[in-house]
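Enquirer: Curious how this folds, go ahead:
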Amino acid sequence: MMHQVKSVIRNSRATLVQDALGGVALVALMIVVLHVPGFV
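Expert: Numbering: from 1, shown residues only. Reported below is the predicted structural model:
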């Protein structure tokens, strides 16, 4: 199992960073959207 995880991380390092940034952007967007009704 760990061998497979290490292999995936080694083979997809570039897209792993992009996926992490996309996830952070989605979480930030969700937090902003959920707080917008409080400002109106």
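Enquirer: what does the model give the most centrally placed residue in the chain for pLDDT?
Expert: Nearest residue to the geometric centre of the chain (Cα atoms, centre = their mean): residue 23, 2.0 Å. The model reports residue 23 with a pLDDT of 96.
Enquirer: cool, and residue 40?
Expert: 69.
Enquirer: about what we covered before: how far away is the residue nearest to the centre of the chain from residue 16?
Expert: Distance, residue 23 to residue 16, by Cβ to Cβ, to the nearest Å: 11 Å. C-beta coordinates here come from the backbone N, C-alpha and C atoms, glycine included.
Enquirer: next one: residue 32
Expert: Applying Cβ to Cβ, the value for residue 32 to residue 16 is 25 Å.
Enquirer: So between the two, which is more surrounded?
Expert: residue 16 (13 against 9; other Cβ atoms under 10 Å).
Enquirer: for the helix or strand where that one lies, the distance to its chain's centre please.
Expert: Per DSSP states H and E, residue 16 falls inside helix 13-39. Centroid separation for helix 13-39 versus its chain: 7 Å, with Cα atoms, centre = their mean, to the nearest Å.
Enquirer: again with stretch 28-40
Expert: Per Cα atoms, centre = their mean, the displacement of stretch 28-40 from the mean C-alpha position of its chain is 19 Å.
Enquirer: and what of stretch 8-23?
Expert: Put simply, stretch 8-23 sits 9 Å off its chain's centre (Cα atoms, centre = their mean).
Enquirer: Contacts for stretch 13-27, please.
Expert: residue 9 (Cβ atoms under 8 Å, 6 or more residues apart in numbering).
Enquirer: Nice, that's everything, thank you.
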